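1. next one to model:
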Amino acid sequence: MNKRSSAYEISVLGILSAIIILQSFIPFFGNITIPGLPAITTVHLTVILGAIILGTKEGMFLGGVWGVSSLIRAYTMATDPLTILLFRNPLIAIIPRILVGLVAGLIFNQIAKQMRTGVWGTVKMSVAGILGAMTNTAGFVLFTWSMYMGHSTQVIAGSTSETFFVLLIGLILGNAIVEVVSAGIITPILGQALIRFKR
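-> This is a model prediction of the structure:
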């Protein structure tokens with residue numbers, strides 16, 4: 001990596017980190033809040049795009065920025081009891097977000113490396129976006145289920161250890177669909193433009 005390329009990547013990493021922080025704390029910029037439900041997020045798009053244009057490690061770093069921002073937001077700007085309960089837990093707030101950058105970066109940068117633009121590049125970006133978004137949802141569900149299955153009524157009133165997993169999926173299903181579809185569509189549109197700009 002030459003100095004020019006390194007300076008470019010550090011600059012972009014800094015810009016994307018700043019965008020993620022703004023998305024995390026400015027209402028409706030990165031999180032669309034529905035009372036009583038987890039917020040619909042657009043921050044995952046920034047993490048996924050960062051992983052695509054900069055690399056897997058950088059994507060994981062951006063996911064970490066998102067996770068730490070979510071943790072701080074849960075302590076300082078929580079808008080509902082569910083956010084307070086779940087996202088004040090570092091494992092739930094941070095780990096799934098780091099995994100978003102890992103999965104998106106690995107898919108785009110390690111599979112058929114030479115195919116970065118054109119039709120196949122677009123397909124790869126779309127798949128990276130979809131699976132990155134699904135990783136965030138799956139990580140949230142699995143960490144929440146594993147940590148609260150013994151006292152599930154704290155999360156979903158009337159649930160039991162047997163029904164908690166299914167009810168948890170049902171609780172966030174609508175949000176997850178919106179996030180996955182948006183990632184599958186928007187990631188290749190913005191990603192192709194950013195890849196061309198980088199070249």
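2. in the chain, which spans are helices?
-> Counting by DSSP state H, the chain has helices at residues 3-25, 43-54, 56-76, 81-87, 90-110, 118-148, 164-198.
3. which elements pack onto the third one?
-> Using 3 or more Cβ pairs under 8 Å, 6 or more residues apart in numbering; DSSP states H and E as the contact criterion, the elements in contact with helix 56-76 are helix 3-25, helix 43-54, helix 81-87, helix 90-110. Heads up, the C-betas are built off the backbone N, CA and C, glycines and all.
4. so of those, which one's packed in deepest?
-> For the helices and strands packed on helix 56-76, average neighbour numbers computed from mean count of other Cβ atoms under 10 Å are highest in helix 43-54, which has a mean of 28.
5. that helix vs helix 3-25, what angle?
-> 180 degrees (axes from the mean of the first three to the mean of the last three Cα atoms, to 10 degrees).
6. what pLDDT, on average, does helix 43-54 get?
-> For helix 43-54, mean pLDDT rounds to 96.
7. how far does that helix sit from the chain's center?
-> Distance, stretch centre to chain centre, for helix 43-54: 9 Å (Cα atoms, centre = their mean, to the nearest Å).
8. with stretch 99-107 instead?
-> Here stretch 99-107 is found 10 Å from its chain centre; the criterion is Cα atoms, centre = their mean.
9. returning to what we had before: out of the helices and strands packed on helix 56-76, flag the one nearest residue 183.
-> helix 43-54 (6.1 Å; Cβ to Cβ).
10. for residue 186, give me its contacts.
-> Residues near residue 186 by Cβ atoms under 8 Å, 6 or more residues apart in numbering: 45, 129.
11. ok, it to residue 45 distance?
-> Here residue 186 is placed at a distance of 6 Å from residue 45 (Cβ to Cβ, to the nearest Å).
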